[in-house]
Every structure is written in structure tokens, then in C-alpha cells.
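Participant: pasting the structure only:
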Ligand SMILES: Nc1ncnc2c1ncn2[C@@H]1O[C@H](COP(=O)(O)OP(=O)(O)OP(=O)(O)O)[C@@H](O)[C@H]1O
Ligand SMILES: O=P(O)(O)OC[C@H]1O[C@H](OP(=O)(O)OP(=O)(O)O)[C@H](O)[C@@H]1O
């Protein structure tokens with residue numbers, strides 16, 4: 001049986017913001033994941049290693065126990081329905097919000113409270129469907145994998161559901177936010193069986209990370 005701890009992380013934004021938290025907890029990867037092509041990277045802490053995977057694959061690795069823990073955006077966790085993961089800690093990294101946006105000239109005379117049917121381009125069809133169902137608005141959803149902000153500019157959809165942080169991407173494409181769906185940040189997620197089997201080391205790790213988030 002593997003008594004070590006395996007942590008699933010995605011490259012890019014989450015990795016950049018998560019590494020200082022791990023470093024503060026005394027855990028440093030032995031190779032720079034941004035430079036290396038390796039997908040399994042050992043750490044300065046014996047028995048603790050990182051898996052480097054796509055952001056949206058983190059819940060899958062942790063659910064199946066291929067990783068004991070992982071860091072996933074709340075957007076990814078909300079979009080993938082029926083996950084059975086323990087979510088013990090908001091790491092307060094990857095902070096942004098899920099929002100509905102549309103062209104500024106449409107927003108100037110639009111009234112979201114009167115919407116009956118909307119066509120939305122998004123990478124988040126489940127979140128979008130649930131949000132508008134709760135509001136009693138019918139949706140036609142066009143699934144995209146990125147660059148959602150382009151869709152209203154070329155008539156693919158009137159509106160988008162996407163993440164907004166500084167608002168720069170919307171602004172530079174002549175779009176405005178018209179409705180907020182949820183605040184988003186990255187969460188530590190833990191496999192339920194691992195939480196029982198490896199309780200002590202996982203608890204110690206959660207406490208060390210929590211001390212970094214709430215010093
Ligand atoms: N502008 C932003 N500001 C802050 N956090 C963000 C922002 N955009 C995305 N995030 C958060 O960072 C996470 C990872 O985003 P990133 O862009 O690195 O991966 P991705 O390209 O969306 O994932 P995948 O490779 O699986 O498609 C998102 O799930 C979200 O929680
Ligand atoms: O409000 P802002 O600060 O401009 O951030 C918002 C942008 O950030 C995210 O994209 P990202 O940069 O991750 O690009 P990608 O999803 O296409 O990788 C998101 O999908 C928005 O496009």
C-alpha cells in the first residue's frame with residue numbers, strides 16, 4: 001500500500017499561486033514544474049509528490065484516488081456535477097467571479113430581470129443551465145473551450161458566462177458584466193478514502209496550508 005501523499009496540481013495560475021503556500025509549509029518541488037516536462041515531481045518532503053495535470057482533470061484524479069489531494073477552482077468543482085470529494089479548505093488563490101456578460105451597446109438598453117430566453121456561449125454549460133433554471137429563464141447553450149469573449153462580437157451568442165477577475169478581458173472586447181453568478185477561488189480537495197486511511201499526514205498538511213492562508 002502507498003503510504004505517501006500525492007497532490008494533483010495544474011500548471012499556470014494555480015501552480016504559481018499554490019507553490020508559495022506549499023513553500024511556506026516547508027514543501028518545495030525538487031524540479032520547477034513550469035520548466036520540467038515531468039508529470040510526477042518529487043518534493044523536499046519525503047513521501048510527498050506532485051502530479052502535474054490539466055485543471056479540469058484534478059477532480060477526476062482525486063475522486064478515483066490516483067491523487068490523495070488536489071487543488072481545483074470552485075468553477076471546475078461546480079461544473080462537474082456529482083463529485084464526492086472532501087473540500088476542507090478555501091486557499092483564497094485564483095480569486096475571481098463567474099458572471100454573465102454582454103456587449104456594452106446591448107447592455108445600455110437591456111433588462112436582465114425581464115429575460116425569458118437567452119443564447120449563451122460558455123465553457124460552463126452546467127453552471128449556466130442551473131443558474132438560469134433557478135431564475136426561470138430558458139437557455140440555448142453553446143459550449144466553447146476558451147476565448148468566450150469572442151462569441152458576442154461575431155454573433156455566435158448574445159451573452160457569455162465566464163470568469164472575470166480584473167475585468168480587462170471584457171473591457172478590451174467591448175463587453176460588460178450584467179449579472180454575477182458566484183464568487184470563485186481555488187479549493188483544496190481530498191479523496192474521502194485517503195482522508196480516513198492517511199488521516200494524520202493529511203490533517204497535518206491541511207493545518208500547515210491553513211496556517212499559510214490564515215496566518
Ligand atoms: N482571470 C482569472 N483570475 C483568477 N483566477 C482565475 C482566472 N481565470 C481562471 N482562474 C482560476 O484558475 C483556474 C485554472 O485556470 P487556467 O486558465 O490555468 O486553466 P484552464 O485553461 O481554465 O484549464 P484547462 O487546462 O483544464 O482547460 C480556473 O479553474 C479558475 O478557478
Ligand atoms: O477579468 P480578467 O482579469 O481579464 O480575467 C478574465 C479572463 O481570465 C480567464 O482566462 P485565462 O486568462 O485563464 O485564459 P484561458 O482560460 O483562455 O486560458 C477567463 O476565462 C477570462 O477570459
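Facilitator: Right, received. Where do you want to start? What you see is a predicted model, and the numbers here were worked out from it, not measured in a lab. Ligands and ions are numbered 1, 2, ... in the order given.
Participant: near residue 81, how many other residues are there?
Facilitator: 9 (other Cβ atoms under 10 Å). C-beta: built from backbone N, CA, C; applies to glycine.
Participant: how close does it sit to residue 124?
Facilitator: Distance from residue 81 to residue 124, counting by Cβ to Cβ, to the nearest Å: 11 Å.
Participant: for residue 198, give me phi and psi.
Facilitator: For residue 198, the backbone dihedrals are phi -120, psi 40 (criterion: degrees, to the nearest 10).
Participant: quick one: it from residue 144, how far?
Facilitator: From residue 198 to residue 144 the distance is 39 Å (Cβ to Cβ).
Participant: buried stuff in stretch 64-75?
Facilitator: Neighbour-count burial for stretch 64-75, counted by 16 or more other Cβ atoms under 10 Å, picks out 67-75.
Participant: same thing with stretch 165-177?
Facilitator: Buried residues in stretch 165-177, counted by 16+ other Cβ under 10 Å: 169-170, 173, 175-177.
Participant: taking the protein, what residue is nearest to ligand 1?
Facilitator: Closest to ligand 1 within the chain is residue 73: 2.0 Å, counting by Cβ to the nearest ligand atom.
Participant: circling back: restricting to the buried residues of stretch 165-177, which residues neighbour ligand 2?
Facilitator: residue 169 (Cβ under 6 Å from any ligand atom).
Participant: list just the nearest of the buried residues of stretch 165-177 to residue 103.
Facilitator: Residue 103 has its nearest neighbour among the buried residues of stretch 165-177 in residue 175, at 5.9 Å by Cβ to Cβ.
Participant: what about the closest residue to that closest one other than its chain neighbours, which helix or strand?
Facilitator: Spatial nearest neighbour of residue 175, chain neighbours left out: residue 101 (4.6 Å); criterion: Cβ to Cβ, 6 or more residues apart in numbering. Per DSSP states H and E: residue 101 is located in strand 96-103.
Participant: for whatever helix or strand comes next after that strand, packing partners?
Facilitator: As assigned by DSSP H and E, the chain's next helix or strand after strand 96-103 is helix 104-107. If contacts are counted by 3 or more Cβ pairs under 8 Å, 6 or more residues apart in numbering; DSSP states H and E, helix 104-107 sits against strand 175-184.
Participant: understood, closing this out.
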